[in-house]
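1. Give me the fold of what follows.
(one chain, ligands or ions: 1)
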Amino acid sequence: MNELLRRLLFLPDQASTFARDIDQLHYFVIVTTFVMSTAVGLTTLFFFVRYRRRSETQTTPHIEPTWWMELGFIGTPLFFFMLWFFLGFREFVRQQTPPSDAIDVYVMAKKWMWKFAYPDGPNAINVLRVPAGRNVRLLMTSRDVIHSFYVPEFRIKQDVLPGRYTQTWFNAVQPGRYQILCAEYCGAGHSIMRGEVIALKPQEFEDWLSQQRRGLVARQDSSPTGLDFAPALGNLVDQGRRIAAEQGCLKCHTTDGTRHIGPTWLDLYHRREKLQDGSIIDADEAYLTESMMEPTAKIVAGFQPVMPSFQGKIAGPEVAALVEYIKSLQSDVVRTGPSEGPAYAPIRGR
Ligand code: CUA
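-> From the prediction side, this is the model:
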C-alpha cells in the first residue's frame with residue numbers, strides 16, 4: 001500500500017528514518033481530502049437532478065437542519081484538521097530535535113555550492129559522506145544569501161541563512177547516493193546548486209575519515225622547505241590561508257573554481273596547465289613557488305601577465321604555507337574520482 005501510493009504520487013525513495021512517517025501523513029491527508037471532495041461533488045450532482053426546479057412558480061422550501069447535523073458538519077472537518085495538526089506537529093518537533101548522539105557536520109552554503117566540514121577533519125565540496133544508520137546533525141550557515149538544504153529522499157528541507165546557524169538532522173537507513181538540492185531561489189546559479197549525500201557503510205565511513213586525516217598529515221610532512229614544522233592538524237594550511245589574504249592573493253585568485261584575474265587555486269595542485277607558448281606544465285610545488293617569485297616566467301594561456309613578483313616580500317616558510325594551502329584546495333571530485341551523481345565540476349585551466 002505504502003509503495004503503491006508512493007509511486008502514484010511520484011515521490012522519491014524513502015531513504016531516511018523520517019521519510020515513511022512523513023509520507024504516511026501525506027497519504028492520510030491526500031486520501032481523506034480526495035474522498036471527501038469526491039463525496040461533495042457527487043452529492044452536488046445528485047442534488048442537481050433530485051431537487052431540480054420542476055415548475056415556473058416553484059419556490060425553495062426553508063430547511064432547518066437539526067443540531068446534530070450542524071455538529072457533524074463542523075465537528076468532522078475540525079476533527080480531521082486537528083488530527084493532522086497534531087500528527088504534523090509531532091513530526092515537526094522530531095525533525096527539529098537532533099538526538100544527542102548525532103555526529104556533527106558543518107555546512108556552509110554559498111553561491112552556488114555546498115561545503116561540508118567534519119570536526120577536526122577533512123572537508124569536501126558538494127559531496128557529503130555520512131555513515132548509514134547513524135544520526136547526523138547538520139549545522140548550517142550561508143556566506144551570502146538564503147539557501148535551503150533539501151534532500152528529497154530524506155524528506156528534509158531546511159533554510160540556510162547568512163549570519164546565523166540553523167540545524168537539521170537525519171538518519172540514512174541504507175547506503176546509497178542521494179541528491180542535494182537548493183530549495184530557495186538564490187540567483188542565476190540556483191538550479192546548478194546541487195550536491196549529493198553518499199551514505200556509506202559505517203566501516204567504510206571510518207576508513208574514509210582516517211584516510212582523509214592521514215592525507216592532511218601527509219601533505220604537511222612533505223613540506224618542501226625542510227623546516228621542522230610540527231603543527232597541529234591543518235596548521236600550515238591555516239597559515240597559508242591567512243598569508244593569502246594578507247598578501248592580497250585572493251583579490252585575483254579564487255579558491256572555489258571561479259575564473260578571475262588569475263587562475264583559480266581550486267584543484268590547481270598537479271593541474272596540467274597550458275601555457276601561452278602552447279606547452280603543458282604540471283602545477284607542482286616547484287611551479288607554484290616559481291610563479292610567486294617570477295610570475296611572468298610561465299603565463300597560463302588566456303591570462304594577462306599582471307601579477308607582481310613576491311620575491312623578497314614573502315619568505316620561505318610563508319611560500320611553503322601558501323603552497324600547502326593551495327594543495328589543500330582539492331575539490332572532492334579530484335580527490336576520490338568522478339562522482340556518478342550530480343556533482344560540482346571544477347573549472348579547468350583553459
Ligand atoms: Cu542556493 Cu538556491
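2. Give the next helix or strand downstream of the longest helix along the chain.
-> Counting residues, the longest helix in the chain under DSSP state H turns out to be helix 19-50. Per DSSP states H and E, the first helix or strand lying C-terminal to helix 19-50 is helix 67-96.
3. For the stretch 151-300 of the chain, which residues score under the pLDDT cut-off?
-> Low-confidence segments of the stretch 151-300 of the chain (pLDDT under 70): 216-234.
4. Can you pull the residues of it lying near the ligand?
-> Residues of the stretch 151-300 of the chain that fall close to the ligand, judged by Cβ under 6 Å from any ligand atom: 182, 184-186, 190, 193. Bear in mind the C-beta positions are built from the backbone N, C-alpha and C, glycine included.
5. Neighbour-wise, which one of those leads?
-> Cys182 (25 neighbours; other Cβ atoms under 10 Å).
6. still on that earlier bit, for the longest helix of the chain, list every residue counted as buried.
-> For helix 19-50, burial by neighbour count (16 or more other Cβ atoms under 10 Å) applies to 19, 21-27, 29.
7. so what does that helix touch, helix or strand wise?
-> helix 2-8, helix 67-96 (3 or more Cβ pairs under 8 Å, 6 or more residues apart in numbering; DSSP states H and E).
8. Next, the angle from it to helix 67-96.
-> Inter-element angle recorded for helix 19-50 and helix 67-96: 160 degrees (by axes from the mean of the first three to the mean of the last three Cα atoms, to 10 degrees).
9. which of the buried residues of helix 19-50 lies closest to Ala320?
-> Ala19 (48.3 Å; Cβ to Cβ).
10. residues contacting that closest one?
-> 13, 153-155 (Cβ atoms under 8 Å, 6 or more residues apart in numbering).
11. how far away is it from the ligand?
-> Per Cβ to the nearest ligand atom, to the nearest Å, Ala19 is found 23 Å from the ligand.
12. just to revisit the earlier point, so among the contacts of Ala19, which ones count as buried?
-> Counted by 16+ other Cβ under 10 Å, these give 153-155 as buried.
13. So which residues lie in contact with stretch 64-82, not counting its own?
-> Residues from elsewhere that reach stretch 64-82 (Cβ under 8 Å, 6+ apart): Thr32.
14. buried set for that stretch?
-> Buried residues in stretch 64-82, counted by 16+ other Cβ under 10 Å: none are found.
15. Convert that stretch to PDB, retaining C-alpha atoms only.
-> Extracted in PDB, the C-alpha atoms of stretch 64-82 (Å, rounded to 0.1, in the frame of the first residue of the first chain):
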ATOM      1  CA  GLU A  64     -33.800  23.900   9.400                       C
ATOM      2  CA  PRO A  65     -31.000  21.400  10.000                       C
ATOM      3  CA  THR A  66     -31.100  19.600  13.300                       C
ATOM      4  CA  TRP A  67     -28.400  20.300  15.900                       C
ATOM      5  CA  TRP A  68     -26.600  17.000  15.300                       C
ATOM      6  CA  MET A  69     -26.300  17.800  11.600                       C
ATOM      7  CA  GLU A  70     -24.700  21.200  12.400                       C
ATOM      8  CA  LEU A  71     -22.400  19.400  14.900                       C
ATOM      9  CA  GLY A  72     -21.500  16.800  12.300                       C
ATOM     10  CA  PHE A  73     -20.700  19.400   9.600                       C
ATOM     11  CA  ILE A  74     -18.500  21.400  11.900                       C
ATOM     12  CA  GLY A  75     -17.100  18.700  14.000                       C
ATOM     13  CA  THR A  76     -16.000  16.200  11.300                       C
ATOM     14  CA  PRO A  77     -13.700  18.500   9.400                       C
ATOM     15  CA  LEU A  78     -12.400  20.100  12.600                       C
ATOM     16  CA  PHE A  79     -11.600  16.600  14.000                       C
ATOM     17  CA  PHE A  80      -9.500  15.800  10.900                       C
ATOM     18  CA  PHE A  81      -7.800  19.100  10.800                       C
ATOM     19  CA  MET A  82      -6.800  18.900  14.400                       C
END
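16. Show me how far that stretch is from its chain's centre.
-> Centroid separation for stretch 64-82 versus its chain: 46 Å, with Cα atoms, centre = their mean, to the nearest Å.
17. For that stretch, what does the pLDDT average out to?
-> Over the span of stretch 64-82, the pLDDT mean works out to 93.
18. Look up the residues forming beta bridges with the closest residue to the ligand within the stretch 1-150 of the chain.
-> Nearest to the ligand in the stretch 1-150 of the chain, going by Cβ to the nearest ligand atom, is His147, at a distance of 3.5 Å. Note on His147: beta-bridge partners Val160, judged by DSSP bridges.
19. contacting residues for it?
-> 109, 159-160, 182, 184, 186, 193.
20. on that earlier part again, between the buried ones among the contacts of Ala19, which sits nearest the ligand?
-> Nearest member of these to the ligand, counting by Cβ to the nearest ligand atom, is Phe154, at 17.7 Å.
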